[in-house]
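In: sequence and predicted structure are below.
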Amino acid sequence: MKSAFLPVGLLLALLVAWLEPAPGSSLKDAGLIPWAVVAIFLVNGYQTNLAELPRNRQFIYVVVAAGVINLLLAPVIGLAAAGVAGLSAGATLGLVVKSTVPSTLSTCIVLTQLAGGYGLWALVMTLILNIVGVFTLPFILDLLLTQSGNLAIDPLALLLKLVQLVLLPFLIGIGLRRISTLDPHHPVLQYLPSSCVIAAVWMSLSSSSSLFTNLQWHTLLTIALVSIAVHLLLMVLAGLSGKLLKLEWQAQVALIFTASQKTLPVAVSVLAALNNSVGEALLVCVMFHFLQVLIDSTLPKAVRRWSQG
């Protein structure tokens, strides 16, 4: 049930924003989206158990490979794919932002475990990528979008907002875990981050309700195909990297899912920090996320066979 909660909730948020946009738009105008983002990472930090960090050379190789693919190559691939597909400025922004954000905080870990890979490695890699990504993301977006003329971004201002919205709440959550007796796996905490993501998406899409009347089905199909292509290419690059590094198959599984997955909460944070109309960009991020979850949920056995082959 938990694995289906976010995808189903995102579909419902899309439907409600389309049918009745006024409530969500009013809440966005009241400034609730940043608070929803803070709640996401506060809980994620609280649920993070800084267990034993793997200490071997192979793990270092995996982290470096994941960082290069997830944080450096993916943004370039996303921008190139948007250009080849002829996406609009709003859709390009969404695809580049989604390609630039780090790995998911939960999905890649679950999928790694289902495929028999090193779940702890996926967890630690995800934490490292998300912390490093807060600092790399603003400057990569500035390089790709500002220099290409798609959007003017102040990287230092965006970095400051991401530190406030993502990093500080995450670190505070880790600190609270040390002094609080509340079970990190309490049912409310299990569903609160996903609920906040759904709420933030609902409010943002509601404020861009005109988007639903202007988008055509072939535009949505193009966005979907490009999103799938980018995600699958990242998986292939991660798989080939694992083979070239001669990693154990369990490590290859962790690398494939961690390097190819892209987090939605950080994408929402970035778009919330930009003072632009981001309805179409957010829709691209939601579609990308839904499709990667849908595709990857069918792949654990196939990824395991690839890694062992």
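Out: The structure has been received and is ready for your questions.
In: from now on I want contacts and neighbour counts done on CA atoms only, so please keep to that.
Out: Noted.
In: how about residues contacting the helix or strand harbouring residue 251?
Out: Assigned by DSSP states H and E, residue 251 belongs to helix 249-260. The contact list for helix 249-260, computed with CA atoms under 8 Å, 6 or more residues apart in numbering, reads 59, 62, 65-67, 69-70, 103-104, 108-109, 111-112, 115-119, 121-122, 125-126, 231-232, 234-236, 238-239, 242-243, 303-304, 307-308.
In: list buried residues within these.
Out: The neighbour-count criterion (16 or more other CA atoms under 10 Å) marks 59, 62, 65-67, 69-70, 103-104, 108-109, 111-112, 115-119, 121-122, 125-126, 231-232, 234-235, 238-239, 242-243, 303-304, 307 among those as buried.
In: give me the angle between the longest helix along the chain and helix 249-260.
Out: Scanning the chain for the longest helix, with DSSP state H as the assignment, gives helix 217-244. Relative orientation of helix 217-244 and helix 249-260, computed by axes from the mean of the first three to the mean of the last three CA atoms, to 10 degrees: 150 degrees.
In: quick check: mean pLDDT of helix 217-244?
Out: The average pLDDT for helix 217-244 rounds to 93.
In: what sits against the closest residue to residue 262 other than its chain neighbours?
Out: In this structure, residue 262 finds its nearest non-sequential neighbour in residue 103, 4.5 Å apart by CA to CA, 6 or more residues apart in numbering. Neighbour list for residue 103: 70, 126, 129, 130, 258, 259, 260, 261, 262, 263 [criterion: CA under 8 Å, 6+ apart].
In: helix, strand or coil: sort out residue 103 for me.
Out: coil (DSSP: H, G, I helix; E, B strand; the rest coil).
In: what pLDDT does it get?
Out: pLDDT for residue 103: 92.
In: where does pLDDT dip in the stretch 1-150 of the chain?
Out: Residue ranges of the stretch 1-150 of the chain with pLDDT under 70: 1-4, 50-55, 147-150.
In: what about residue 87, which helix or strand?
Out: Applying DSSP H and E, one finds residue 87 in no helix or strand.
In: enumerate every residue touching the residue lying closest to it once chain neighbours are set aside.
Out: In this structure, residue 87 finds its nearest non-sequential neighbour in residue 223, 7.7 Å apart by CA to CA, 6+ apart. Counting by CA under 8 Å, 6+ apart, residue 223 touches 87, 91, 284, 287.
In: quick one on the thing from earlier: how close does the residue nearest to residue 262 get to residue 244?
Out: Per CA to CA, to the nearest Å, residue 103 is found 22 Å from residue 244.
In: export only the CA atoms of stretch 181-188, formatted as CSV.
Out: What follows is stretch 181-188, C-alpha atoms only, in CSV (Å, rounded to 0.1, in the frame of the first residue of the first chain):
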residue,chain,number,x,y,z
THR,A,181,11.4,8.9,21.9
LEU,A,182,8.9,8.9,19.0
ASP,A,183,9.3,5.8,16.8
PRO,A,184,10.7,6.9,13.4
HIS,A,185,8.5,4.2,11.8
HIS,A,186,5.3,5.5,13.3
PRO,A,187,2.5,5.2,10.7
VAL,A,188,2.0,9.0,10.7
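In: which residues are contacting it?
Out: By CA under 8 Å, 6+ apart, stretch 181-188 touches 46, 47, 177.
In: quick one: the helices in the stretch 51-200 of the chain?
Out: 57-67, 74-85, 89-100, 107-114, 119-141, 155-162, 168-179, 187-206 (DSSP state H, counting those that start in this stretch).
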